[in-house]
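Participant: Give me the fold of what follows.
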Amino acid sequence: MSLAHMLLLTVAWPLALTALVAATLAWRHGRALVAQRSSGRYVMPPGLAGDWSYRGRVALWLSAPLPALAVALALPESTLILDWWLLGGVWQLDGVRRALLGFSALLWALAGVYAHGYLSGKARRARHGDQDAERDLQGFVLLWPLTLAGNLMLILAEDIASFYTGFALMTFAAYGLVVNAGSREAYRGGRAYLIMAILGEGMILAGLLWAAASAETLTLTGLREGLAVSPHANAMATLLWLGFGVKAGVIGLHVWLPLAHPVAPTPASAVLSGSMIKAGLLGWWQTLPLGLTALEGLGTVVMTLGLLAAFGAALYGVTQRHPKAVLAYSSVSQMGMMTALVGVGLLSPSLWPVLAPALMLFAVHHGLNKGALFLGVGITEHPPRWPGWLLWGLLVLPALSLAGALASGLSAKWVLKAGLYDAGWSGLVMLLTLAALGTSLLMARTLWCQAHAWKEAHRHGAAPAPLSMTLAWTLCALLAAAVPWWLALPEAPVGTVQAGELPPLGELPGLLWPVLLGAVLTAALVVACHLEPRLHTRLSRAERLPPGDLWQLYVRSTNVLMDGMRRGVARLANAQEAVQSTTTATGQWAMGWLTSLQRGEAWLRRWAVALMVVMIAGLWLALVR
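Facilitator: Next up, the predicted model:
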């Protein structure tokens with residue numbers, strides 16, 4: 001196999017595992033149906049956790065992202081041409097794709113190992129005949145590699161058909177992961193996810209078809225270049241920005257995130273918020289004319305809404321009780337910062353070569369640290385028998401990194417700040433620094449919720465997390481902190497700050513004050529709540545704010561609209577009945593009139609001669625006179 005064909009293996013391997021799982025399930029259910037004919041009763045056969053080969057299948061299933069990880073770490077830049085694929089496939093591995101592929105494959109691999117331990121209780125119940133547990137397990141194991149395949153395909157794709165196929169495959173397969181628990185809350189979150197996903201897919205497809213037809217191209221590079229010179233660039237770019245913005249959590253389109261994350265299995269939440277949400281950012285990166293031309297109107301809107309998301313999501317997120325809901329709002333806030341940077345790229349094309357490597361470092365750092373934070377939620381619910389200082393040290397590490405206080409977070413903050421300052425965007429730097437204060441408060445809130453879950457777990461004697469969960473979470477937290485030093489990232493122009501470069505000591509106060517202020521505010525709030533019970537009561541009321549914020553408004557607005565449509569239809573039905581009644585009455589009158597006319601015609605035929613004689617006589621008399 002050539003090196004280029006290794007790109008094909010990264011997607012083909014998880015697809016093959018999906019097909020293997022599907023074939024195994026189909027064969028087992030086929031045997032059950034044959035048995036049903038003889039016994040008259042269907043019994044679900046032993047499934048994925050029901051026989052001696054379970055461990056072998058688990059090892060095979062966990063290997064799904066490994067080819068992609070090997071490609072990202074070892075394969076040089078390459079291009080694969082697939083003449084047999086749709087309209088002709090073009091897959092590439094370049095600097096941007098390598099960074100996204102590497103961190104995504106690593107996060108999927110660690111989340112998969114974590115899922116093995118996370119689902120061990122469900123697998124044990126399935127082996128003892130629990131059919132509900134078996135169904136949940138089968139759905140998860142089937143859709144996990146399928147969602148992964150879509151995620152990897154859209155990263156590697158250069159042709160538009162492959163890119164959209166991967167994006168749609170990832171989007172719709174992930175729905176099954178969101179609703180895996182089968183609870184009412186899970187289906188509510190899944191409904192919000194699916195509605196917003198379909199809305200986004202419609203706008204993406206419309207934007208891609210319009211831009212591709214206008215540029216007469218089948219590749220993403222050609223689409224971007226054609227969009228840059230198109231007279232309809234603003235309309236096309238707006239469609240693409242909104243469509244991909246559903247996945248990226250643009251304010252107003254973000255409502256699925258805080259509804260889907262708390263109900264999804266924890267490993268699924270980690271890849272949803274860590275890797276799959278970056279598909280929206282990659283969509284902007286690959287389709288908008290960043291670095292080619294300025295779209296000032298759209299750029300201003302994008303930057304403004306990004307900053308609004310960064311601040312608004314932080315304010316609402318600190319009111320949430322569930323740690324995964326807090327982390328979901330943190331994702332909206334952090335993606336809001338990235339959205340603002342994309343807006344800067346649309347406003348200032350000359351700045352994009354400097355901004356792009358910094359944005360990629362920010363995205364990768366956020367993805368892995370957010371994955372570690374989500375995996376940590378399951379650890380606090382089932383704390384391992386570790387020393388408290390070690391457990392909480394690993395829980396705090398990704399939180400501090402995401403807040404920009406150390407490790408990869410400090411490096412990413414310094415790279416972004418230096419690039420924007422040098423380009424004269426000091427005002428934006430100040431706004432992003434203030435937004436980092438919101439991130440610090442969200443991380444403090446997350447750790448507070450995790451501490452409460454940790455106490456409840458000890459109080460109820462929760463079983464410790466399996467070794468696979470603990471090991472995967474530990475590796476994710478450590479590797480996330482060291483992202484710039486082990487993952488190849490796009491290089492910045494010569495003379496600018498490079499990824500992995502730490503700030504000089506003199507810059508530390510300007511970078512760390514949001515974290516320190518967040519810690520001081522959190523401590524002061526805790527002390528004030530202990531000293532003033534009324535304040536604690538008021539804050540408890542704020543905690544009742546439901547996740548999903550605008551979703552309730554959307555639901556009510558939709559209900560009002562549907563009620564109005566139903567009333568309109570009822571009025572139309574009443575109007576139709578009135579028209580039918582009027583038409584019937586008019587028809588009856590017309591038939592009566594025609595009947596009278598027919599009677600008059602018969603009378604005229606009968607008395608026509610006499611009438612003519614009378615008329616002639618009358619005329620003669622008139623003339624004689």
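Participant: Just want the most central residue of the chain.
Facilitator: residue 247 (3.4 Å; C-alpha atoms, centre = their mean).
Participant: Which pLDDT does the model give it?
Facilitator: Note on residue 247: pLDDT of 94.
Participant: Surely it and residue 200 touch.
Facilitator: Yes - look at residue 247 against residue 200 with C-beta atoms under 8 Å: they come within range, at 6.4 Å. For every residue, glycine as well, the C-beta is placed using N, CA and C.
Participant: who touches both of the two?
Facilitator: residue 171 (C-beta atoms under 8 Å, 6 or more residues apart in numbering).
Participant: follow-up on the earlier one: in three-state terms, label the residue nearest to the centre of the chain for me.
Facilitator: helix (DSSP: H, G, I helix; E, B strand; the rest coil).
Participant: Who are the contact partners of it?
Facilitator: Neighbours of residue 247 in contact, by C-beta under 8 Å, 6+ apart: 171, 197, 200, 276-277, 279-280, 283.
Participant: tell me which of the residues you listed is nearest to residue 433?
Facilitator: residue 277 (23.0 Å; C-beta to C-beta).
Participant: you'd agree that closest one is up against residue 330?
Facilitator: No - between residue 277 and residue 330 there is no contact under C-beta under 8 Å: 11.4 Å.
Participant: Just want to know which of the two has more residues nearby.
Facilitator: residue 330 (30 against 24; other C-beta atoms under 10 Å).
Participant: which element is the more buried one on?
Facilitator: Using DSSP states H and E, residue 330 sits in helix 323-347.
Participant: how big is the angle separating whichever helix or strand comes after that helix from helix 323-347?
Facilitator: Next in sequence after helix 323-347, counting helices and strands by DSSP H and E, comes helix 352-381. The directions of helix 352-381 and helix 323-347 differ by 180 degrees, with axes from the mean of the first three to the mean of the last three C-alpha atoms, to 10 degrees as the criterion.
Participant: Which element is encountered next along the chain beyond helix 352-381?
Facilitator: Helix 352-381 is succeeded, C-terminally, by helix 388-402 (DSSP H and E).
Participant: Who are the packing partners of the helix or strand following that following helix?
Facilitator: Where DSSP H and E defines the elements, the next helix or strand beyond helix 388-402 is helix 407-422. If contacts are counted by 3 or more C-beta pairs under 8 Å, 6 or more residues apart in numbering; DSSP states H and E, helix 407-422 sits against helix 352-381, helix 388-402, helix 426-459, helix 467-481, helix 483-486, helix 508-531.
Participant: May I see the buried residues of the fifth one?
Facilitator: By 16 or more other C-beta atoms under 10 Å, the buried positions in helix 483-486 come out as 483-484.
Participant: which outside residues touch that helix?
Facilitator: Contacts for helix 483-486 (C-beta under 8 Å, 6+ apart): 103, 361, 364-365, 368, 408, 411-412, 479, 499-500.
Participant: Most neighbours among the contacts of residue 247, which one?
Facilitator: That'd be residue 283 among those, by other C-beta under 10 Å, with 27 neighbours.
Participant: pLDDT weak spots in this protein?
Facilitator: 1, 31-56, 534-543, 601, 604-605, 608-609, 620, 623-625 (pLDDT under 70).
Participant: wait, residue 115 sits on residue 140?
Facilitator: Yes - between residue 115 and residue 140 there is a contact under C-beta under 8 Å: 7.4 Å.
Participant: which of these two has more neighbours?
Facilitator: residue 115 (28 against 21).
Participant: Sticking with the more buried one, tell me its helix or strand.
Facilitator: Counting by DSSP H and E, residue 115 is part of helix 95-118.
Participant: Helix or strand next in line after that helix, which one?
Facilitator: Using DSSP H and E, the first helix or strand after helix 95-118 is helix 120-127.
Participant: With just CA atoms, put that next one into PDB.
Facilitator: Only the C-alpha atoms of helix 120-127 are listed here, as PDB (Å, rounded to 0.1, in the frame of the first residue of the first chain):
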ATOM      1  CA  SER A 120     -18.700  -2.100  31.300                       C
ATOM      2  CA  GLY A 121     -21.700  -2.100  33.700                       C
ATOM      3  CA  LYS A 122     -24.100  -2.100  30.800                       C
ATOM      4  CA  ALA A 123     -22.100  -4.900  29.100                       C
ATOM      5  CA  ARG A 124     -22.300  -6.900  32.300                       C
ATOM      6  CA  ARG A 125     -26.100  -6.500  32.500                       C
ATOM      7  CA  ALA A 126     -26.400  -7.500  28.800                       C
ATOM      8  CA  ARG A 127     -24.500 -10.700  29.500                       C
END
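Participant: ok and it relative to helix 95-118, angle-wise?
Facilitator: Going by the same axes, to 10 degrees, helix 120-127 makes 60 degrees with helix 95-118.
Participant: Next, the angle helix 467-481 makes with helix 120-127.
Facilitator: 150 degrees.
Participant: what comes up buried for helix 120-127?
Facilitator: 120, 122-123, 125-127.
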